[in-house]
Structure formats: C-alpha cells, structure tokens
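1. Give me the fold of what follows.
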Amino acid sequence: MNVTKLGTDNADPRRYLDRLARWGFTGLWLIGLWERSGASQRIKQLRGNPDAVASAYSLRDYAIAADLGGEPAWANLRDRAWARGIRLASDMVP
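-> Residues are numbered from 1 along each chain as shown. Have a look, this model is predicted:
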C-alpha cells in the first residue's frame, strides 16, 4: 500500500488504516519520511542512473518531507492511525 502524501485529503489513508486495523496491525514502520539530500540523487545520476531519486537514508534535514505533506500531514496520519490503535515508527541513519 503506497500513500503518496501522508495525511492529506488527496491520499485519504482511512481505508488503508481501517484494513490494517482489521488485520490486527498495531504499528507501521515508515521509511523515507525525512527531507532527502539532493546530493544523493545527483551522485546516482552521475553514476549513470538518470531516473534516480535520493536515498531515503541520505538526509538533508530532520523534518518531514514537504513532498509528503510535511509535519501537518504526518500529524494527521498519526492521529488517524492512533484512533485505530495503530502506532507509527520511523528510522534514520545519522
């Protein structure tokens, strides 16, 4: 299940969250939440991959990525998930 924007009305993850809750999921591990470094994408492109995107582990900032809806979208998803007994987790590599 891929939700392109975390908690925005366009992506509306409610149906996914409802399904996960029915299946007994109590947590989601979110990868790629943080603002990514453009350098990572550029290095991949220089190495021959013109369609490359930045690595989820090459961070520019410890902020929820703007293209995912930023902090408000994350808070929205967090609240909707919590209402269904689902907690959110994420990681990063410093």
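2. Tell me which other helices or strands the helix or strand bottoming out on mean pLDDT in the chain touches.
-> In the chain, no helix or strand scores lower on mean pLDDT, DSSP states H and E than strand 59-64, which sits at a mean of 86. Contact here means 3 or more C-beta pairs under 8 Å, 6 or more residues apart in numbering; DSSP states H and E; on that basis strand 59-64 packs against strand 34-36, helix 70-83. (Each C-beta comes from the backbone N, C-alpha and C, glycine too.)
3. Out of those, which gets the lowest mean score?
-> Among those, strand 34-36 carries the lowest mean pLDDT, at a mean of 89.
4. got the contact list for it?
-> 53-56, 58-66, 90, 92 (C-beta atoms under 8 Å, 6 or more residues apart in numbering).
5. Which helix or strand lies directly C-terminal to it?
-> helix 38-46 (DSSP states H and E).
6. what helices or strands is that following helix leaning on?
-> Counting by 3+ C-beta pairs under 8 Å, 6+ apart, helix 38-46 packs on no helix or strand.
7. So for it, what gets flagged as buried?
-> Going by neighbour count (16 or more other C-beta atoms under 10 Å), the buried part of helix 38-46 is Ser40, Gln41, Lys44.
8. what separates it from the chain centre, distance-wise?
-> Centre-to-centre, helix 38-46 and its host chain are 20 Å apart (C-alpha atoms, centre = their mean, to the nearest Å).
9. do you know how far the residue nearest the centre of the chain is from Asp51?
-> Nearest to the geometric centre of the chain sits Leu33, at 3.8 Å (C-alpha atoms, centre = their mean). According to C-beta to C-beta, to the nearest Å, Leu33 stands 22 Å off from Asp51.
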